[in-house]
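Engineer: okay, predicted coordinates and the sequence, questions at the end:
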Amino acid sequence: MPVGRQPLPCVKRRLEKLGLDLYLQAVHSVREGSAVYLAQPMQSATLYRDPGAVDIVRFWIRYLLRLIRIP
């Protein structure tokens, strides 16, 4: 889902709506008997989570340092 320069609360709302839509679609498919079951790959993947206060401060510090071009 492209987010561009949208603020975090807007992105979060869009993701919640998308997640709910997908969840309802999955439940409907299971009830109809048309669900397709696929095993998840065994490889590890990146875990994305809601950022905490420390994560947000780190992000802004990196962003500000890039703006003033300090390596």
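Structural biologist: Arrived safely. Numbering: from 1, shown residues only.

Engineer: how about G4, what does it touch?
Structural biologist: Contact analysis of G4 by C-beta atoms under 8 Å, 6 or more residues apart in numbering lists nothing. For every residue, glycine as well, the C-beta is placed using N, CA and C.

Engineer: try K12
Structural biologist: Neighbours of K12 in contact, by C-beta under 8 Å, 6+ apart: D50.

Engineer: in what helix or strand does it lie?
Structural biologist: helix 8-32 (DSSP states H and E).

Engineer: next secondary structure after that helix?
Structural biologist: helix 53-67.

Engineer: what lies in contact with that next one?
Structural biologist: So helix 53-67 is contacted by P51 (C-beta under 8 Å, 6+ apart).

Engineer: 13 is where my numbering starts, stick with that
Structural biologist: That works, and once the first residue is 13, the last one we named lands at helix 65-79.

Engineer: ok now the helix holding K24, how far from the chain's centre?
Structural biologist: Its chain's C-alpha centre and that of helix 20-44 lie 12 Å apart, by C-alpha atoms, centre = their mean, to the nearest Å.

Engineer: what does the average pLDDT come to for it?
Structural biologist: Helix 20-44 shows a mean pLDDT of 95.

Engineer: now do the end-to-end distance for stretch 45-60.
Structural biologist: Stretch 45-60 has an end-to-end distance of 31 Å (criterion: C-alpha to C-alpha, to the nearest Å).

Engineer: mind checking how far it is from the chain centre?
Structural biologist: 16 Å.

Engineer: same deal with stretch 67-77?
Structural biologist: Mean-position distance between stretch 67-77 and its chain equals 19 Å (C-alpha atoms, centre = their mean).

Engineer: C-alpha coordinates for that stretch, CSV please?
Structural biologist: Only the C-alpha atoms of stretch 67-77 are listed here, as CSV (Å, rounded to 0.1, in the frame of the first residue of the first chain):
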residue,chain,number,x,y,z
ASP,A,67,11.2,4.6,17.4
ILE,A,68,9.5,7.9,16.5
VAL,A,69,12.3,10.0,18.1
ARG,A,70,15.0,8.0,16.2
PHE,A,71,13.1,8.5,13.0
TRP,A,72,12.9,12.2,13.4
ILE,A,73,16.5,12.5,14.5
ARG,A,74,17.6,10.6,11.3
TYR,A,75,15.3,12.8,9.3
LEU,A,76,16.6,16.0,10.7
LEU,A,77,20.2,15.0,10.3
